[in-house]
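Predicted model follows, preceded by the sequence.
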Amino acid sequence: MRFDQRHLLGIEPLRPDEITTLLDLSDRYVTLNKRRDKHASVLSGLTQINMFFENSTRTQASFEIAGKRLGADVMNMAMQASSIKKGETLIDTALTLNAMHPDLLVVRHPQSGAVDLLAQKVNCAVINAGDGRHEHPTQALLDALTIRRAKGRLHRLKIAICGDIAHSRVARSNILLLGKMENRVRLIGPPTLMPSQIADFGVEVFHDMEQGLRDADVVMMLRLQRERMDGGFIPSEREYFHRYGLNAKKLALAHPDAIVMHPGPMNRGVEIDGTLADDINRSVIQEQVEMGVAVRMAAMDILARNLRASPKEVMV
Ligand code: NCD
């Protein structure tokens, strides 16, 4: 088992075998999490600090549960919007925390690249829990684990990612991961929500949802990220649902066994029909949340092993 990274900042630097290593270890944690006693001690004696400069429900909760199940001392910092002003503020915060000798820092930040910057300033392992529109590696890994368990493989699948691609770090990390594992990725969305040059990532782009969904094995819906929009990207929510919202009729165009995914939080009736989201025969949205805890346990376990293997150098 090899995993040569000191941090988990994105999917981009990972090799396919490192992704497989993480997913295999995650599978073991899925089993542990189904037991009554969910404790392991692989992070015992280590300090994990969660710094979320942006709102989060499931990601923050699952990192906290993951750390506690593995025996870490977990601390959640309350990062108010007021502390997100300048680059200096972030670095100062990082240096202050660094002086408390944490072992794992889990960071979410609204600016792309902020977590990479922070990782250069501290001497512990850093996990990116989402930075701006850049990357959200643990989300892509939990999505991959969900797909692999539902489909029995993680290669040669047709995966349609639909919605607000332009503002989505989830889409970016998924495109990178699914591409590395040799799947066919299709992106579906209006031209206003599709980044320019996206075809360079080796994906197929569709503006017509019916065409894009045809024979897809996996349909991954994304939230309209209104907080990252500064103007009229869509005509109206009603019109958007009509053209790009997923309902049972449109899903019928995909493969009969196609699974429906959504990273949450969902806007029911905007990007996905609420009844379909709750249909346990098609939707794996709850499994995604379950896999999230296991993937975060695996990521922290593996980074902690690397910490132990290479003792901290002294920073002056
Ligand atoms: C995503 C995020 O924050 O990037 N949510 C999540 O982590 N579960 C997607 C989103 O906010 O739409």
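In hand now; what should we look at?

What strand or helix carries the residue nearest to His7 when sequence neighbours are not counted?
Take His7 and drop its neighbours on the chain: the residue closest to it by C-beta to C-beta, 6 or more residues apart in numbering is Val126, 4.5 Å away. Quick note: C-beta positions are derived from backbone N, CA and C, even for glycine. Here Val126, judged by DSSP states H and E, is contained in strand 125-131.

After that strand, which helix or strand is next?
Assignment by DSSP H and E places the next element after strand 125-131 at helix 137-151.

Pull the distance from that following helix to the chain's centre.
9 Å (C-alpha atoms, centre = their mean, to the nearest Å).

Okay, angle between that helix and strand 125-131 too, please.
With axes from the mean of the first three to the mean of the last three C-alpha atoms, to 10 degrees as the basis, helix 137-151 and strand 125-131 are set at 80 degrees to each other.

so after helix 137-151, what's the next helix or strand?
With secondary structure assigned by DSSP H and E, helix 137-151 is succeeded by strand 158-162.

Which strands or helices does the next helix or strand along the chain from that following strand pack on?
Moving toward the C-terminus from strand 158-162, the next helix or strand (DSSP H and E) is helix 169-180. Where contact means 3 or more C-beta pairs under 8 Å, 6 or more residues apart in numbering; DSSP states H and E, helix 169-180 is packed against helix 16-33, helix 137-151, strand 158-162, strand 184-188.

longest helix of the protein?
As assigned by DSSP state H, the longest helix anywhere in the chain is helix 285-309.

so, in contact with the ligand or not, that helix?
No. Using C-beta under 6 Å from any ligand atom, helix 285-309 stays clear of the ligand, coming no nearer than 7.7 Å.

which helices and strands sit right next to that helix?
helix 16-33, helix 58-69, strand 104-109, strand 125-131, helix 137-151, strand 259-261.

one step back: okay if I get the helices and strands packed on helix 169-180 as JSON lines plus mean neighbour count and mean pLDDT?
Formatted as JSON lines, these follow (neighbours: other C-beta atoms under 10 Å; pLDDT from 0 to 100):
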{"stretch": "helix 16-33", "mean neighbour count": "17", "mean pLDDT": "98"}
{"stretch": "helix 137-151", "mean neighbour count": "25", "mean pLDDT": "98"}
{"stretch": "strand 158-162", "mean neighbour count": "25", "mean pLDDT": "98"}
{"stretch": "strand 184-188", "mean neighbour count": "22", "mean pLDDT": "98"}
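
any chance of those in a markdown table, with distance to the ligand too?
What follows is the helices and strands packed on helix 169-180, written out as a markdown table (distance: least, C-beta to the nearest ligand atom, whole Å):
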| stretch | distance to the ligand |
| --- | --- |
| helix 16-33 | 16 |
| helix 137-151 | 5 |
| strand 158-162 | 12 |
| strand 184-188 | 16 |
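
Show me what counts as buried in the longest helix of the chain.
285, 287-304, 307 (16 or more other C-beta atoms under 10 Å).

same thing with stretch 98-106?
98, 102-106.

Now tell me what touches it from outside.
43, 46-51, 63, 67, 72, 94, 97, 118, 121-127, 129, 300, 303-304, 307, 315 (C-beta atoms under 8 Å, 6 or more residues apart in numbering).

List the residue ranges of the protein that fall below the pLDDT cut-off.
Along the chain, segments meeting pLDDT under 70 span 80-88, 231, 311-316.

for the ligand, what are the nearby residues on it?
Looking at the ligand, the residues of the chain close enough under C-beta under 6 Å from any ligand atom are 58-59, 130, 136, 139, 169-170, 223, 225, 263-264.

at 8 Å instead, please
For the chain, the residues in contact with the ligand (C-beta under 8 Å from any ligand atom) are 54, 56-59, 108, 129-130, 136, 139, 168-170, 222-223, 225, 263-265, 292.
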